[in-house]
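Peer 1: no sequence for this one, just the structure:
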């Protein structure tokens, strides 16, 4: 009898899995196949994310190789939208630039899908990224006032100093470029937002806030894209039924408490009579505007600081590291950038205007954002009401994303797209092509909800790269360096690049 009950339960569970993760998404995808949207890849649970989400190694050693090469496929090169699945839902990847434009302008039809950041949002808070309606407008307005050109330019001094400090203190014989730039970008963001030195605040185990945020966010991501979360939902992990979930949830609470204590201490420091920081941080301006008096405002600052720090650590640092990597790989770029540094920023007191003169460095940054971007996709959006997108009917519950990276590697828009060619950004013909299809190249997204910190990020990338090129002669990439690329919280090299450097 017990055996029959167990057998029935197992069969029921298998039928549930088949129904929810195979039959249901197939039925939902049929709605789009009927509109002549071609199915690119169906795989239970993960769809075309199979390689990228689970960090599967393929023969190309690139988890998004297939997506990059879609435009070369006779079946898909002229498709406006690419169809797949994710979890139990139909998933659409928009490729047509006009549809991307329409999608970005009608965000009232979408919310951000909970995977894979539900647990992070639950434990730390949502900040601007998950606000909607009046709440989003209010937060965006406050942040926009802090991200003006004048405010961003004021932060360059702090970024310069931290870049020099972190890069100078590393062992040049085993220089882990990604880790160094992660520390630098993270420390820079925390200084800019909260006005404190990351190394001065450590928990009882001696770990800095940056180390805690990085390890916690990565572990939560891996949990939330795992099979358990896919089957039972991320809310099941909040119950702490598994020891690993319980431990991770506790880490999140401790991290949140640690961050909150730091914010309160920073606020207290800013309120001291006569206190005037060397570089006014964003919290300094918030206190001056009398905007940190409620629990809600403090919670928002915590969430926003966490999310922007994570963005700096995961995306800004990787692009800066890529600028250096490709300059080493193509030595003529390394030499050109160093010559440009001697011309425009030979000293440590360079300005934002000086950075704007560095066309070669700018071209390398733009090419890295295209050729090896750390953020090839948006966060997934979930449709909250039926609507139309161009000639297509879009149903509630569908997942939608933008295929920026598909267009980055499309010969229609970029000549020799699979070649690293910074010179393309110095070509006026390329500029004209971009103006005709300006939404082909939007590495920081577009529309009202674009990346509010994009200009700050580019300034950080340039400052970190400049400091590296100033300090070191052209090194060699180790012959045994494995260039496999995976997707974690962002896209990039799986393995650390350790350089043996010689100071200038």
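Peer 2: Nice, thanks for sending it over. Just so it is clear, the structure is predicted and the values come from calculations on it, not from any experiment. Numbers count the residues shown, from 1 in each chain.

Peer 1: Could I get the full set of helices for the stretch 401-504 of the chain?
Peer 2: Ranges of helices in the stretch 401-504 of the chain, per DSSP state H, counting those that start in this stretch, are 404-408, 428-436, 454-471.

Peer 1: Just the mean pLDDT for the last one, thanks.
Peer 2: Read that as helix 454-471. Mean per-residue pLDDT for helix 454-471: 94.

Peer 1: From here on, call the first residue 584.
Peer 2: Yep, numbering from 584; the last one is helix 1037-1054 now.

Peer 1: Show me what that helix is packed up against.
Peer 2: Packing partners of helix 1037-1054 (3 or more Cβ pairs under 8 Å, 6 or more residues apart in numbering; DSSP states H and E): helix 732-737, helix 739-751, helix 760-777, helix 900-912, helix 914-927, helix 935-939, helix 942-954. Heads up, the C-betas are built off the backbone N, CA and C, glycines and all.

Peer 1: quick one: that helix to helix 739-751, angle?
Peer 2: Interaxial angle, helix 1037-1054 versus helix 739-751 (axes from the mean of the first three to the mean of the last three Cα atoms, to 10 degrees): 40 degrees.

Peer 1: Tell me how far helix 1037-1054 lies from the chain's centre.
Peer 2: 17 Å (Cα atoms, centre = their mean, to the nearest Å).

Peer 1: Tell me who's in contact with residue 971.
Peer 2: Each residue near residue 971 by Cβ atoms under 8 Å, 6 or more residues apart in numbering is listed here: residue 977.

Peer 1: go on, residue 1076?
Peer 2: Applying Cβ under 8 Å, 6+ apart to residue 1076 gives the contacts 761, 1066, 1067, 1068.

Peer 1: Quick one: residues contacting the residue nearest to residue 1080 when sequence neighbours are not counted.
Peer 2: By the measure of Cβ to Cβ, 6 or more residues apart in numbering, the closest residue to residue 1080 outside its immediate chain neighbours is residue 760, 5.3 Å from it. Residues in contact with residue 760 (Cβ under 8 Å, 6+ apart) are 904, 907, 908, 1051, 1080, 1082.

Peer 1: OK, contacts around residue 831?
Peer 2: With Cβ under 8 Å, 6+ apart, residue 831 has these contacts: 702, 799, 802, 803, 806, 820.

Peer 1: Check residue 823 too.
Peer 2: Contact analysis of residue 823 by Cβ under 8 Å, 6+ apart lists 829, 832.

Peer 1: Mind checking what secondary structure it has?
Peer 2: When classified by DSSP: H, G, I helix; E, B strand; the rest coil, residue 823 comes out as coil.

Peer 1: Check the gap between it and residue 835 for me.
Peer 2: 11 Å (Cβ to Cβ, to the nearest Å).

Peer 1: Can you pull out the low-pLDDT segments for the stretch 784-933 of the chain?
Peer 2: Residue ranges of the stretch 784-933 of the chain with pLDDT under 70: none are present.

Peer 1: Which residues does stretch 1080-1087 contact?
Peer 2: 755-761, 904, 908, 911, 1053-1056, 1058-1061, 1064.

Peer 1: filter these to the buried ones?
Peer 2: 758, 759, 760, 761, 904, 908, 911, 1053, 1054, 1055, 1058 (16 or more other Cβ atoms under 10 Å).

Peer 1: Provide a list of residues in contact with residue 891.
Peer 2: The contact partners of residue 891, by Cβ under 8 Å, 6+ apart, come to 772, 776, 1036.

Peer 1: Do I have it right that residue 822 meets residue 815?
Peer 2: No: if you go by Cβ atoms under 8 Å, residue 822 and residue 815 don't touch, sitting 9.6 Å apart.

Peer 1: can you tell me how far residue 620 sits from residue 747?
Peer 2: 51 Å.

Peer 1: What is the most widely separated pair among the contacts of residue 1076?
Peer 2: 761 and 1067 (13.7 Å; Cβ to Cβ).
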